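> predicted model follows, preceded by the sequence.
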Amino acid sequence: MAMMFLRNMWPEAEAPIIGEIDQNLHSITHSAKLLYEAVIENS
């Protein structure tokens with residue numbers, strides 16, 4: 001369910017790779033540096 005939530009937040013064009021590392025722990029690869037910086041600033 002978390003993967004679906006993350007994919008709805010970031011479309012594939014913005015975050016092409018969303019992976020599950022462990023239960024409730026995910027990795028997100030962003031395609032744009034500005035988007036990445038905005039995510040880091042707002043976390």
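Great, that's in hand.

> where does the closest residue to L6 other than its chain neighbours land in three-state SS?
Distance criterion C-beta to C-beta, 6 or more residues apart in numbering; nearest residue to L6, sequence neighbours excluded, is I18 at 5.1 Å. For the C-beta atoms, the positions are set from N, CA and C on the backbone; glycine is no exception. Following DSSP: H, G, I helix; E, B strand; the rest coil, we place I18 in the strand state.

> surely I18 and R7 touch.
Yes - using C-beta atoms under 8 Å, I18 makes contact with R7 at a distance of 6.1 Å.

> more crowded one of those two?
Between I18 and R7, I18 has the larger neighbour count (other C-beta atoms under 10 Å), namely 18 against 13.

> residue contacts, that one?
By C-beta atoms under 8 Å, 6 or more residues apart in numbering, I18 lies in contact with 3, 6-7, 10, 26-29.

> can you verify R7 is assigned to a helix?
Yes - under three-state DSSP, R7 falls within a helix.

> dump the residue contacts of it.
I18.

> how near is it to M1?
In this view, R7 and M1 are 11 Å apart by C-beta to C-beta, to the nearest Å.

> go on, I28?
Distance, I28 to M1, by C-beta to C-beta: 16 Å.
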